[in-house]
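J.: Sequence and computational prediction follow.
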Amino acid sequence: MVNQGDDIPEDRLYTSEHEWLLQEGETIRVGLTAYAQEELGDIVFVDLPAPGATIAFMGKLGEVESVKVASEIFSPAAGEVTAANQALDDAPELVNKDPYGEGWLVTMRPTEPASDQLMDASGYRAFIARLRGEGA
């Protein structure tokens with residue numbers, strides 16, 4: 001698993017539920033943060049929507065199961081799923097090993113601009129510090 005203290009990429013936006021969004025031209029890529037995968041533990045199964053599914057902002061995007069718990073994944077944007085990471089079918093542990101790279105979840109075509117409820121990397125770092133009781 002990636003240590004939750006690892007760098008939080010500056011090029012993404014983050015939700016309070018620990019998903020990230022990366023703008024890639026006309027589409028966005030979505031994943032779980034290092035903090036999320038660390039808290040979940042070893043991920044053993046990921047359930048994602050099929051391409052073509054329409055998801056609301058902070059609507060259910062899928063589910064992740066770990067050795068500790070099953071947890072819903074929430075969408076950091078409203079839009080249509082254009083691809084799901086098929087590699088996770090056989091290797092769900094990629095979310096633990098590389099949450100900001102090979103462990104991505106879906107790509108989407110957003111139907112509205114990014115919400116002002118999302119945090120930049122600095123805001124997310126402060127949010128994580130508060131969760132850990134470190135103050136910020």
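T.: Everything's here; your move.

J.: Break down this structure into its helices, ranges please.
T.: 34-40, 87-90, 94-97, 121-131 (DSSP state H).

J.: Dig out what E72 forms beta bridges with.
T.: E63 (DSSP bridges).

J.: shouldn't it be in contact with G59?
T.: No - using CB atoms under 8 Å, E72 is not in contact with G59, being 9.8 Å away. C-beta here means a position set from N, CA and C on the backbone, and glycine is covered the same way.

J.: still on that earlier bit, mind putting the helices of the chain into a markdown table with mean neighbour count and mean pLDDT?
T.: Compiled in a markdown table, these are given as follows (neighbours: other CB atoms under 10 Å; pLDDT from 0 to 100):
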| stretch | mean neighbour count | mean pLDDT |
| --- | --- | --- |
| helix 34-40 | 22 | 94 |
| helix 87-90 | 14 | 97 |
| helix 94-97 | 20 | 96 |
| helix 121-131 | 15 | 94 |
